[in-house]
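Next input, structure requested:
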Amino acid sequence: MTKYEYMQLAIELAKKGTGHTSPNPLVGCVIVKNGRIMTDGYHERYGGYHAERNALNKCEEDLTGADLYVTLEPCCHHGQTPPCTDIILERGIGRVFIGAMDPNPKVAGKGVQILREHGVQVETGIMEKECLELNEVFMQYITTGIPYVAMKYAMTMDGKIATYTGDSKWVTGEVARHHVHELRKRYSAIMVGIGTVLVDDPMLNCRIEEGVDPVRIICDSRLRIPLESRIVQTAKNISTIVAYAVGDAEKEKALKETGVELIQINEKGRVDFVKLLKELGRKKIDSVLIEGGGTFHGTVLKSGMVNRIFCYMAPKLIGGKEARSPVEGDGFSYMREALEITDTEIIKLGEDICFTGCVQKEADGCLPES
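As a prediction, this is how the structure comes out:
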């Protein structure tokens with residue numbers, strides 16, 4: 001096998017930690033000696049051992065001179081676990097192949113430096129693009145402290161998310177809906193506007209095997225969320241945050257008693273989305289999946305904080321000038337102002353497709369009063 005094939009194995013291992021490592025990165029490790037894979041491992045959960053230490057602890061054989069493939073630069077500082085560079089040196093690893101460098105200021109090249117100073121051969125940049133994509137959330141959060149923001153919506157081929165009556169179940173098929181729940185497992189939090197709660201009364205949980213429920217965040221400027229809503233009624237079981245601008249003390253008290261956490265950010269009667277993201281970052285929420293309606297999406301996109309779009313498209317046509325669109329609001333006046341989506345990918349999901357890519361950014365901040 002080539003070094004690229006070993007690194008691909010490490011990438012697949014890393015993905016097993018999805019939903020469990022936040023705000024730490026996804027990391028996989030494969031160790032090879034004389035052409036034989038001796039052991040492997042991945043970062044399984046936040047607070048647990050890193051991939052390198054998990055792999056090395058599993059193997060009691062002599063690994064002197066072995067090759068170690070890891071998707072992210074080994075750590076060299078004491079955090080919740082000991083430095084991975086220490087155990088790599090202790091076990092006599094001869095060569096280390098690294099996918100991507102760690103932008104964490106506590107590491108940022110120091111891991112590579114320590115290994116080289118102790119005689120270990122180090123090669124970096126093996127499948128670097130794939131390893132960076134694996135940890136696009138971590139790469140942003142560790143350097144900015146601001147959560148990575150993805151936006152998801154499902155629409156018909158004529159760009160509608162619901163009929164003129166408001167019926168939206170279901171735009172896409174089961175395969176696409178399963179993929180959405182994989183996103184809910186991947187991202188730390190899910191966010192909607194109060195309009196979605198009032199119309200759909202959703203649960204916003206993750207309903208797949210071995211799924212992880214994201215933190216539920218409701219943007220509700222005037223604190224209109226019903227106490228009898230399913231989100232409020234399950235707040236003691238699933239972490240729930242309501243961000244608001246203005247509200248009365250009695251409603252605040254009632255929500256807190258149900259287990260809802262309140263964040264007040266009042267910017268002229270509205271929630272400031274950028275300030276909210278910074279507050280979520282301080283709470284170690286490293287990523288947010290936006291699943292709102294057209295008005296909410298339009299405002300959030302204009303904030304300039306959305307990083308990625310997941311557009312699910314079903315081979316259906318429903319028409320109707322009153323039917324809702326995935327991105328509404330005032331929009332842009334000229335085509336040259338339109339947000340561009342780059343690094344695009346098309347994923348086939350049964351009869352549906354998912355079009356995803358990165359968003360070039362603008363800048364505004366406040367969410368609508370709805």
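
ranges for the strands of the chain?
Here the chain has its strands, by DSSP state E, at 28-33, 36-42, 67-72, 95-100, 121-124, 148-156, 189-193, 215-219, 240-244, 261-264, 287-290, 308-314, 341-349, 352-359.

out of those strands, deepest packed?
Among those, ranked by average contacts under mean count of other Cβ atoms under 10 Å, first place goes to strand 67-72 (a mean of 30). For the C-beta atoms, the positions are set from N, CA and C on the backbone; glycine is no exception.

returning to that earlier point: tell me which of the strands of the chain lies nearest to Val180.
For Val180, the closest of the strands of the chain is strand 148-156, at 6.4 Å, according to Cβ to Cβ.

The closest one - which strands sit beside it in the sheet, and in what orientation?
Sheet neighbours of strand 148-156, with direction, are listed as strand 287-290 (parallel), strand 308-314 (parallel) (DSSP bridges).

can you put these in JSON lines and add distance to Gly173 and mean pLDDT?
Below are those laid out as JSON lines (distance: least, Cβ to Cβ, whole Å; pLDDT from 0 to 100):
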{"stretch": "strand 287-290", "distance to Gly173": "20", "mean pLDDT": "98"}
{"stretch": "strand 308-314", "distance to Gly173": "7", "mean pLDDT": "97"}
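
In CSV: the ones you listed, plus distance to Ile93.
Listed next are the strands paired with strand 148-156 as CSV, based on distance: least, Cβ to Cβ, whole Å:
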stretch, distance to Ile93
strand 287-290, 32
strand 308-314, 35
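
right, so of the ones you listed, which gets closest to Glu133?
Glu133 sits nearest to strand 308-314 of all those, at 10.5 Å, using Cβ to Cβ.

and that closest one with strand 352-359, angle?
For strand 308-314 against strand 352-359, the angle by axes from the mean of the first three to the mean of the last three Cα atoms, to 10 degrees is 160 degrees.

what residues does strand 308-314 touch?
Here strand 308-314 makes contact (Cβ atoms under 8 Å, 6 or more residues apart in numbering) with 136, 148-157, 171-173, 176, 179-180, 183, 326, 341, 349, 351-359.

Hmm, Met7 is touching Phe97, no?
Yes - counting by Cβ atoms under 8 Å, Met7 touches Phe97, with 6.6 Å between them.

Between these two, which contacts overlap?
Both Met7 and Phe97 are in contact with Tyr69, Ile126, where contact means Cβ under 8 Å, 6+ apart.

For stretch 130-140, measure first residue to last.
16 Å (Cα to Cα, to the nearest Å).

and the helix-or-strand element of the chain with minimal mean pLDDT, what other elements does it pack with?
In the chain, the helix or strand scored least confidently by mean pLDDT, DSSP states H and E is helix 294-302, which has a mean of 90. On a contact count with 3 or more Cβ pairs under 8 Å, 6 or more residues apart in numbering; DSSP states H and E, helix 294-302 meets strand 148-156, strand 189-193, helix 194-200, strand 287-290.

Quick check: Gln121 vs Arg282, distance?
Distance, Gln121 to Arg282, using Cβ to Cβ, to the nearest Å: 40 Å.

so where is this protein shaky, pLDDT-wise?
361-370 (pLDDT under 70).

Mind putting the strands of the chain into CSV with distance to Ile11?
Shown next, in CSV, are those (distance: least, Cβ to Cβ, whole Å):
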stretch, distance to Ile11
strand 28-33, 6
strand 36-42, 10
strand 67-72, 6
strand 95-100, 7
strand 121-124, 15
strand 148-156, 19
strand 189-193, 25
strand 215-219, 27
strand 240-244, 32
strand 261-264, 35
strand 287-290, 19
strand 308-314, 19
strand 341-349, 16
strand 352-359, 18
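
quick one: which of these is nearest Gln233?
Here strand 240-244 is closest among the strands of the chain (Cβ to Cβ), at 10.1 Å.

What lies in contact with the closest one?
Strand 240-244 has contacts (Cβ under 8 Å, 6+ apart) with 189, 215-223, 225, 231-232, 234, 255, 259-265, 271, 276, 280.

just to revisit the earlier point, out of the strands of the chain, which gets nearest to Lys321?
Smallest distance to Lys321 across the strands of the chain (Cβ to Cβ): 14.2 Å, for strand 148-156.

Off-centre distance for that closest one?
Taking Cα atoms, centre = their mean, to the nearest Å, one finds the center of strand 148-156 at 12 Å from the center of the full chain.

what does stretch 53-61 give?
29 Å.

List the buried residues of that stretch.
By neighbour count on 16 or more other Cβ atoms under 10 Å, the buried set for stretch 53-61 is Arg53, Asn54, Ala55, Leu56, Cys59.

Any chance you could give me it in CSV, C-alpha atoms only?
Taking C-alpha atoms only, stretch 53-61 is exported to CSV below (Å, rounded to 0.1, in the frame of the first residue of the first chain):
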residue,chain,number,x,y,z
ARG,A,53,-2.1,7.3,22.0
ASN,A,54,-5.2,5.1,21.4
ALA,A,55,-3.4,3.3,18.6
LEU,A,56,-0.1,2.8,20.4
ASN,A,57,-1.8,1.7,23.7
LYS,A,58,-3.5,-1.1,21.7
CYS,A,59,-0.3,-2.6,20.5
GLU,A,60,2.3,-4.4,22.7
GLU,A,61,4.6,-5.4,19.9
